[in-house]
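Novice: quick check, what structure comes out for this input:
(one chain, ligands or ions: 1)
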Amino acid sequence: MKRIKDIRPLKWTGKSLLLLDQRKLPLKEEWIECTTYECVAKAIEDMVVRGAPAIGVVAAYGVVLGAKELTGEAKNYVEFKAKLEVIVNRLAATRPTAVNLFWALRRMKKIINAGSDISDIVQALETEAISIERQDVETNRKIGYFGAELLSSREVILTHCNTGALATAGYGTALGVVRAAVELGKEITVFVDETRPYLQGARLTAWELQQEGIPYYLITDSMAGWFMSLGEITCVIVGADRVARNGDTANKIGTYTLSVLAKEHGIPFYVAAPTSTFDLSIDSGVEIPIEERNPDEVLYCHCRDCRIAPYGAKVKNPAFDVTPHENITGIITEKGVIVSPNEETIVEFFEKE
Ligand SMILES: CSC[C@H]1O[C@H](OP(=O)(O)O)[C@H](O)[C@@H]1O
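Specialist: Predicted coordinates:
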């Protein structure tokens, strides 16, 4: 059984939230310390921390920091609750696509509304945020287990973006499946899509796999189809930011393209996501808000010190796309795998819960 490292992108100290600055990886491992909710909000917006589950966990701690800031400032519970609602809304406005953000904030709002004593609420909020963090890691290990069961003894897995420990509270979702398969002694090689423009694959997934000693090749996004046509890829496993009721899935830009290529080449295409990434309030992927990010992410290299397009170039920079459920072989969750996801199989899956 291979020992897997315990990479964590965040640490709660009881008074502050330490965040591994993912903008600096893979060359520098630097941490920033947030003692205010505004610092947490900015860290999410600036992608110091990113990844659907990680964003939810970090936002939950942002509520705790905000509540602590209000203690001593709010004259009573009514004022405290009103001001904390503003803080929750600030955190909710950071990034629109990953539904885990809103799922986590809903859990925190329940705690706020259930209390009446300020200090009790602050304590309960901290307990809830810690629970959200711990549950996420346990959830990811279960996703890993169910996903690894799908794999044969030797696989060459194509990944997109970063879906590892850095995108969660630890262990990862799609990359968690890779970790679990390796732990089970399966022979896994990963083809890592660099994932332009933010390069989460080249900078983050490659870094995680290197830390783990898991064999991988870094490829540019445009190489994926060619390697599929050569028969070098045995399956594709990606993450998710929001899964609609019919199984349409929003994920990092470029995922839809991979799903079409995988279908063309008869390669299994799996999504790995916790049930907290499902948004059953929307019928299909057309309703999922797609974040448009700063054009500079396309116009410049990651360090922003070299421009790669002419001045005046017009840019489109959607951070996500939507993969139709028909292109998805299965969705791997912590409660099992939804094979051939569609409204019927997904509703049935959640009704069994
Ligand atoms: C564990 S899935 C993480 C998911 O989030 C990433 O987006 P971003 O890096 O912009 O937060 C990407 O879509 C991953 O699949």
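
Novice: list the buried residues in the helix or strand hosting residue 127.
Specialist: In the assignment (DSSP states H and E), residue 127 maps to helix 118-150. For helix 118-150, the buried set under the neighbour-count rule, 16 or more other C-beta atoms under 10 Å, comprises 118, 121-122, 124-126, 128-130, 132-133, 136-137, 139-148, 150. (Glycine included, C-beta is placed from N, CA and C.)

Novice: does residue 108 really touch residue 88, like I thought?
Specialist: Yes: in this structure, residue 108 is within contact of residue 88 by C-beta atoms under 8 Å, at 6.7 Å.

Novice: got a list of what residue 156 touches?
Specialist: Residues near residue 156 by C-beta atoms under 8 Å, 6 or more residues apart in numbering: 188, 189, 190, 191, 232, 233, 234, 235.

Novice: okay, the residues you listed in JSON lines with pLDDT next?
Specialist: Shown next, in JSON lines, are the contacts of residue 156 (pLDDT from 0 to 100):
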{"residue": "188", "pLDDT": "98"}
{"residue": "189", "pLDDT": "98"}
{"residue": "190", "pLDDT": "98"}
{"residue": "191", "pLDDT": "99"}
{"residue": "232", "pLDDT": "98"}
{"residue": "233", "pLDDT": "98"}
{"residue": "234", "pLDDT": "98"}
{"residue": "235", "pLDDT": "98"}
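
Novice: buried subset of the residues you listed, written for ChimeraX?
Specialist: Here is the ChimeraX command that selects only those of these that count as buried (16+ other C-beta under 10 Å):
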select :188,189,190,191,233,234,235
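
Novice: in a markdown table, list the contacts of residue 156 along with distance to the ligand.
Specialist: A markdown table is the format used below for these (distance: C-beta to the nearest ligand atom, whole Å):
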| residue | distance to the ligand |
| --- | --- |
| 188 | 18 |
| 189 | 20 |
| 190 | 15 |
| 191 | 16 |
| 232 | 22 |
| 233 | 18 |
| 234 | 20 |
| 235 | 16 |
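
Novice: ok, back up a step: chain center to the helix holding residue 127: distance?
Specialist: 14 Å (C-alpha atoms, centre = their mean, to the nearest Å).

Novice: excluding chain neighbours, what is closest to residue 214?
Specialist: In this structure, residue 214 finds its nearest non-sequential neighbour in residue 182, 5.7 Å apart by C-beta to C-beta, 6 or more residues apart in numbering.

Novice: quickly find the element holding that neighbour.
Specialist: helix 174-183.

Novice: just the angle for that helix relative to helix 118-150, thanks.
Specialist: 60 degrees (axes from the mean of the first three to the mean of the last three C-alpha atoms, to 10 degrees).

Novice: give me the next element, helix or strand, following helix 174-183.
Specialist: Assigned by DSSP H and E, the successor of helix 174-183 is strand 187-193.

Novice: residue contacts, residue 222?
Specialist: No contacts exist for residue 222 under C-beta under 8 Å, 6+ apart.

Novice: hang on, I meant residue 186
Specialist: Per C-beta under 8 Å, 6+ apart, neighbours of residue 186: 148, 151, 152, 153, 154, 155.

Novice: how near is residue 215 to residue 190?
Specialist: 7 Å (C-beta to C-beta, to the nearest Å).

Novice: still on that earlier bit, and the contacts of residue 186 as CSV, adding distance to residue 271 and pLDDT?
Specialist: Shown next, in CSV, are these (distance: C-beta to C-beta, whole Å; pLDDT from 0 to 100):
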residue, distance to residue 271, pLDDT
148, 15, 98
151, 15, 98
152, 19, 98
153, 23, 98
154, 22, 98
155, 16, 98
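
Novice: now, among the residues you listed, which is nearest to the ligand?
Specialist: Closest approach between these and the ligand, by C-beta to the nearest ligand atom: residue 148, at 16.4 Å.

Novice: count the residues that sit near residue 82.
Specialist: Per other C-beta atoms under 10 Å, the neighbour tally for residue 82 reads 11.

Novice: helices of the protein, residue ranges please.
Specialist: 37-45, 52-70, 77-92, 99-114, 118-150, 174-183, 200, 206-212, 224-229, 255-264, 296-299, 343-351 (DSSP state H).

Novice: just say which of the ones you listed is most tucked in.
Specialist: Among the helices of the chain, helix 200 has the highest mean neighbour count (mean count of other C-beta atoms under 10 Å), at a mean of 29.

Novice: quick revisit: helices or strands up against the helix holding residue 127?
Specialist: The contact analysis (3 or more C-beta pairs under 8 Å, 6 or more residues apart in numbering; DSSP states H and E) places helix 118-150 against strand 10-12, helix 52-70, helix 77-92, helix 99-114, helix 174-183, strand 269-272, strand 330-333, strand 336-339.

Novice: indicate which one of those is closest to residue 290.
Specialist: With C-beta to C-beta as the measure, helix 99-114 is the member of those nearest residue 290 (12.8 Å).

Novice: got the angle between the closest one and helix 52-70?
Specialist: Using the same axes, to 10 degrees, helix 99-114 lies at 30 degrees relative to helix 52-70.
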